[in-house]
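> what's the 3D shape of this:
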Amino acid sequence: MNAKTGPIMKYVLPGVMAATAFTAIIAITAINLGGFEIVGKTVPFAYPWRLTNPNAIARLTAWGGYLLHNMIARKI
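Numbers count the residues shown, from 1 in each chain. As a prediction, this is how the structure comes out:
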């Protein structure tokens, strides 16, 4: 393994293989996705699990998780 192919074999190839595996799993199980019904408005950012009237705790946990994720990801 030389200096040029080292990073490719070490990082890119496993990433491509993992992405291919996940794509295959989704393709195989896609038939089961037909059982889900979309409920509510179908406009951008109007997700069925989103609170219609979010309170302070909901906002605190959502933003707190987002900020914690960013702080941890930055250290990696």
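
> make it CA atoms for all contacts and neighbour counts henceforth
Will do.

> which residue is nearest the middle of the chain?
Taking CA atoms, centre = their mean, the centroid of the chain lies closest to F22, which sits 12.3 Å from it.

> in what helix or strand does N70 lie?
helix 56-75 (DSSP states H and E).

> all helices for this structure, in order.
6-7, 13-29, 56-75 (DSSP state H).

> keeping just the C-alphas, turn stretch 13-30 into CSV.
The C-alpha trace of stretch 13-30 is given here as CSV (Å, rounded to 0.1, in the frame of the first residue of the first chain):
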residue,chain,number,x,y,z
LEU,A,13,-13.6,2.1,0.6
PRO,A,14,-15.2,1.3,3.9
GLY,A,15,-17.5,4.3,3.6
VAL,A,16,-18.6,3.3,0.2
MET,A,17,-19.2,-0.3,1.4
ALA,A,18,-21.3,0.9,4.4
ALA,A,19,-23.3,3.3,2.2
THR,A,20,-23.9,0.4,-0.3
ALA,A,21,-25.0,-1.9,2.5
PHE,A,22,-27.5,0.7,3.9
THR,A,23,-28.9,1.4,0.4
ALA,A,24,-29.4,-2.4,-0.1
ILE,A,25,-31.2,-2.7,3.3
ILE,A,26,-33.5,0.3,2.4
ALA,A,27,-34.2,-1.2,-1.1
ILE,A,28,-35.0,-4.6,0.4
THR,A,29,-37.3,-3.2,3.1
ALA,A,30,-38.9,-0.4,1.0
